[in-house]
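J.: Requesting a structural model of the entry that follows:
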Amino acid sequence: MRQMPHSLEAEGALLGSMIINTNIVVDVVSELPSEAFYNSEYKWIYTAIKHLADRNDAVDYVSILNEMKLLGSTVDRGMLINIGESVPSSANYKYYLNIVLEKYRLRSIINSMIAITEKAYEEENSNILLEKLDQYSFDLFKKNRKQTFRSFNEEYQSLLIELEERQKNPGLKGVSSGYPELDKLTNGWAKKDLIYIAGRPSMGKTGFMLNLAKNASLYFLEKYTASLLSEQNEKCKSVGVFSLEMSAQKLVERVAANIHDINSDVLKKGTLTESDWDQIARTNSNLYEVGSNIFIDDSGEVNIAQLRATARRLVKEKNCGIIFIDYMQLLSAKSESRFQEVSLISRKLKVIAKELEIPIIALSQLSRKNEDRRDKRPMLSDLRESGQLEQDGDIILFIHRAEYYGDEFFDDGSSTENVAEIIIAKNRDGALGTKRLTYMKEKNKFTTYSPRKTKLL
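T.: Numbers count the residues shown, from 1 in each chain. Take a look at the predicted model:
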């Protein structure tokens, strides 16, 4: 039987370095868990050193031996002295540390694969196994992530480079929403950000998401064209859409109504006039342009592990620059309760956004609590099933239509007809506020708001 990956030489040299130079102990124990040692005697010694360091006690032969007795170890003084004398200097301790860490990671991967393989032979459900595999990967990622200090000046150099990039799109640090007034508050959808769009049914969440996806596609195409003109020849980014509720065909139909400027009911019923066909002919090129870099996954029942795998492929194969999810409560993850499940999904969506370095925009349901209030505008406390969404979301915005609740006018006297309020309730790096958009539901279109004092006849 093949042995697990390990290096007794590196483990012994690392312990010897720690014994002869206690100044490196804090550095090592902050990165290396006790289980990283393959040799059981070395593991006992390291555990004793770690306990002493945690209590800020002196680390020497006497204290280590005493601590090991308290732990129930039988390693003798002679072995400990031999380990301390095995290295002439501690100068290469980081080299030894990296070897021990790498072997530990490899063993962790092997053990995870063995556990999954055994479950597969037992014919456990494949979706559950994929979810477990993703959880193993997620846990390993967290376990191996180094908590290191970063140089202020190095980060400042990165900021200067980022500022040069931002100068090309003044005021925006991310993907444009397509609505200048909204961009003023958000500065665009930034890399690594998790954005939640929440609202009650019939507020237009999916429609708004599709408008944002269309606008993101146009934004990427414009940047790509600009790069060609400046001979930078950057690869055009794409838009990924996970639709867990509607089919891809229905989403395309909604976008078609928007771009062709035709009532969606006409498209659904097939009652197109000659004028409608002419309009389609005139705007077909626009639709093909927008759709050229939008990719839709309408698999339906998707767990967070499958979404992560597909998202990674989209980034790698299609250069995806932003992902939309409709909607997050339809994702699944193995957990003991629905509350814990939603919390886990939210945390993992944030991890995926950071891992892939792209913004993720997810739709979310709201509870009915706002229905009991006189002012129906949503609040952060209305987020359904988990406060984790409020914690993980970098930006949380609500979509609200006062017209739906029978209010004819806003407080400023303007009409609520065909108006959607976009309420930014949380913005980690920017301002809060409310912006209005004109919403033409029959054409699935959100456009710049123009106030009216009276209702349309």
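
J.: Do a quick rundown of the helices in the stretch 151-300 of the chain.
T.: Counting by DSSP state H, counting those that start in this stretch, the segments of the stretch 151-300 of the chain that form helices are 152-168, 180-186, 205-229, 248-260, 264-269, 274-291.

J.: among the ones you listed, which is nearest Ser381?
T.: helix 205-229 (18.7 Å; CB to CB). From N, CA and C alone the C-beta is placed, and that goes for glycine too.

J.: want to throw the helices of the stretch 151-300 of the chain into JSON lines with mean pLDDT, mean neighbour count and distance to Gly240?
T.: Shown next, in JSON lines, are the helices of the stretch 151-300 of the chain (pLDDT from 0 to 100; neighbours: other CB atoms under 10 Å; distance: least, CB to CB, whole Å):
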{"stretch": "helix 152-168", "mean pLDDT": "78", "mean neighbour count": "10", "distance to Gly240": "22"}
{"stretch": "helix 180-186", "mean pLDDT": "90", "mean neighbour count": "18", "distance to Gly240": "20"}
{"stretch": "helix 205-229", "mean pLDDT": "89", "mean neighbour count": "20", "distance to Gly240": "9"}
{"stretch": "helix 248-260", "mean pLDDT": "89", "mean neighbour count": "19", "distance to Gly240": "12"}
{"stretch": "helix 264-269", "mean pLDDT": "85", "mean neighbour count": "14", "distance to Gly240": "24"}
{"stretch": "helix 274-291", "mean pLDDT": "88", "mean neighbour count": "13", "distance to Gly240": "13"}
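
J.: Can you tell me which of the ones you listed is nearest to Ile19?
T.: Here helix 152-168 is closest among those (CB to CB), at 33.2 Å.

J.: ok so, going back, wait, which of the helices of the stretch 151-300 of the chain is closest to Glu122?
T.: helix 248-260 (35.6 Å).

J.: Give me the contacts around that closest one.
T.: 206-207, 210-211, 214, 241, 243, 262-264, 267-268, 276, 279-280, 283, 286-287, 290-291, 296, 298, 442-445 (CB atoms under 8 Å, 6 or more residues apart in numbering).

J.: repeat for stretch 282-296
T.: With contacts defined as CB under 8 Å, 6+ apart, stretch 282-296 is touched by 213-214, 217-218, 220-221, 236-241, 243, 248, 251-252, 255-256, 259-261, 314, 318, 320.

J.: Put the alpha carbons of it into PDB.
T.: C-alpha atoms of stretch 282-296 as PDB (Å, rounded to 0.1, in the frame of the first residue of the first chain):
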ATOM      1  CA  ARG A 282     -34.900  46.800 -37.900                       C
ATOM      2  CA  THR A 283     -33.700  45.800 -34.400                       C
ATOM      3  CA  ASN A 284     -32.600  42.200 -34.900                       C
ATOM      4  CA  SER A 285     -29.000  43.200 -35.200                       C
ATOM      5  CA  ASN A 286     -29.200  44.900 -31.800                       C
ATOM      6  CA  LEU A 287     -30.600  41.800 -30.200                       C
ATOM      7  CA  TYR A 288     -27.900  39.600 -31.800                       C
ATOM      8  CA  GLU A 289     -25.200  42.000 -30.600                       C
ATOM      9  CA  VAL A 290     -26.500  42.000 -27.000                       C
ATOM     10  CA  GLY A 291     -27.000  38.200 -27.000                       C
ATOM     11  CA  SER A 292     -23.600  37.500 -28.400                       C
ATOM     12  CA  ASN A 293     -22.000  37.400 -25.000                       C
ATOM     13  CA  ILE A 294     -24.800  36.400 -22.700                       C
ATOM     14  CA  PHE A 295     -24.900  32.700 -21.600                       C
ATOM     15  CA  ILE A 296     -27.800  31.200 -19.700                       C
END
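
J.: Begin at 8, not 1, for the rest of this chat.
T.: Yes, from this point I'll number from 8; that puts the last item at stretch 289-303.

J.: and it, how far out from the chain's middle?
T.: 27 Å (CA atoms, centre = their mean, to the nearest Å).

J.: Then stretch 24-41?
T.: 34 Å.

J.: How about it, which residues are buried there?
T.: Ser24, Met25, Ile26, Ile27, Ile31, Val32, Val35, Val36, Glu38, Leu39, Ser41 (16 or more other CB atoms under 10 Å).

J.: Over to stretch 371-388?
T.: For stretch 371-388, burial by neighbour count (16+ other CB under 10 Å) applies to Ser371, Gln372, Leu373, Asn377, Lys383, Pro385.

J.: Determine which two of those residues are furthest apart.
T.: Pairwise distances across these (CB to CB) peak at 17.2 Å, for the pair Ser371 and Lys383.

J.: By mean pLDDT, flag the weakest helix or strand of this protein.
T.: helix 133-151 (a mean of 68; mean pLDDT, DSSP states H and E).

J.: In the chain, where is pLDDT below threshold?
T.: Residue ranges of the chain with pLDDT under 70: 141-142, 145-157, 173, 175-178, 238, 391-393, 460-464.

J.: As a check, name the ranges of all strands in it.
T.: 201-206, 245-250, 301-304, 327-333, 367-372, 402-407, 426-434, 440-447, 452-455 (DSSP state E).

J.: Export those as CSV, with columns for distance to Phe416.
T.: Formatted as CSV, the strands of the chain follow (distance: least, CB to CB, whole Å):
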stretch, distance to Phe416
strand 201-206, 21
strand 245-250, 35
strand 301-304, 37
strand 327-333, 31
strand 367-372, 28
strand 402-407, 15
strand 426-434, 10
strand 440-447, 13
strand 452-455, 20
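
J.: In this structure, which residue sits furthest out from the middle?
T.: Gly85 (51.8 Å; CA atoms, centre = their mean).

J.: mind checking how far that residue is from Val273?
T.: 90 Å (CB to CB, to the nearest Å).

J.: and what of Leu387?
T.: 39 Å.

J.: now do Ser41
T.: 68 Å.

J.: Ok, Tyr111 next?
T.: 63 Å.

J.: ditto for Pro187
T.: According to CB to CB, Pro187 and Val273 sit 30 Å apart.

J.: Centre of the chain to stretch 278-287, how far?
T.: Distance, centroid of stretch 278-287 to centroid of chain: 42 Å (CA atoms, centre = their mean).

J.: same thing with stretch 110-118?
T.: The answer for stretch 110-118 is 26 Å, by CA atoms, centre = their mean.

J.: what do you get for stretch 28-43?
T.: 31 Å.

J.: can you list contacts of that stretch?
T.: Here stretch 28-43 has contacts from 21, 24-25, 50, 53-54, 56-57, 60-61, 65-67, 97, 100, 104, 107-108, 110-111, 150, 153-154, using CB under 8 Å, 6+ apart.

J.: Report the buried members of those residues.
T.: Buried among the contacts of stretch 28-43 by 16+ other CB under 10 Å: 21, 24-25, 50, 53-54, 56-57, 60, 66, 97, 100, 104, 107-108, 110-111.

J.: Understood, closing this out.
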